[in-house]
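> Could you look at this predicted model? Sequence included:
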Amino acid sequence: MIRSLLYTFLLLLAVISLSSSDVDARSIKAYFNCQEATVENVSLQVGEPFTVDLYMTPDGDSFAYATLMEPGYTNAYGSISGDPMWDTLTRRCNESGPAHFSWVLAANDNWVNGTAPVNIHCQLNREGDTRPYALAYFTVVEARILPAESDTEKPVSPAQASAVPAWAGFLVLVSISLLKIKRDGRT
């Protein structure tokens, strides 16, 4: 009984070690504006463009699949250029040529003053295999979306509202001097 349990344990250990050496991708990395994910404490104004890049380097001939998504019911971001959003994209890749996915997005006004993450779901499959050998789901950026700021509608601080231009003092002195000269009759 103990001998059969020992053989079963050793066989299971051998299978796990063989399959684990076959499981790891060389690397899966995502970037928000060239900063490695996950990027936090980001504020984006409505319409402000940003980039999301995903690089998947497999350990052999593979197919890379990627989907860019966000969890909300209404879309917080719109696509400006690059790969399409929401579609599952496929690239053929190998260890010498990683798969690269790229999106240029901008926040829209659906989530103003809210926080909207950008998530990526990706996987690597060996050629001829339908099961992924590397699977990842992560948040690239957690961004707070701010209203668009136009040049004519910039908020004025209380200090700016009560500030007097520097030349105003000079004009007051000139005005007082002219009044004094006129009153004294020196023209």
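In hand now; what should we look at? Numbering: from 1, shown residues only.
> Cys122: neighbouring residues, count only.
24 (other CB atoms under 10 Å). The way it works is simple: take the backbone N, C-alpha and C, and place the C-beta from them, glycine included.
> just Arg92 next, same as before
Residues lying near Arg92 (other CB under 10 Å) number 12.
> How about Leu124?
27.
> May I see the buried residues of the longest strand belonging to the chain?
Criterion DSSP state E: the longest strand present in the chain is strand 132-146. Buried residues in strand 132-146, counted by 16 or more other CB atoms under 10 Å: Pro132, Tyr133, Ala134, Ala136, Thr139, Val140, Val141, Glu142, Ala143, Arg144, Ile145.
> can you check stretch 96-113 too?
Neighbour-count burial for stretch 96-113, with 16+ other CB under 10 Å as criterion, is recorded at Pro98, Ala99, Phe101, Trp103, Leu105, Ala107, Asn108, Asn110, Trp111.
> mean confidence for that stretch?
Averaged over stretch 96-113, pLDDT sits at 91.
> how distant is it from the center of its chain?
7 Å (CA atoms, centre = their mean, to the nearest Å).
> if we can go back for a sec, dump the buried residues of stretch 96-113 to CSV, plus distance to Gln123 and secondary structure.
Putting these into CSV (distance: CB to CB, whole Å; DSSP: H, G, I helix; E, B strand; the rest coil) gives the following:
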residue, distance to Gln123, secondary structure
Pro98, 14, coil
Ala99, 11, strand
Phe101, 12, strand
Trp103, 18, strand
Leu105, 22, strand
Ala107, 28, strand
Asn108, 29, coil
Asn110, 29, helix
Trp111, 28, helix
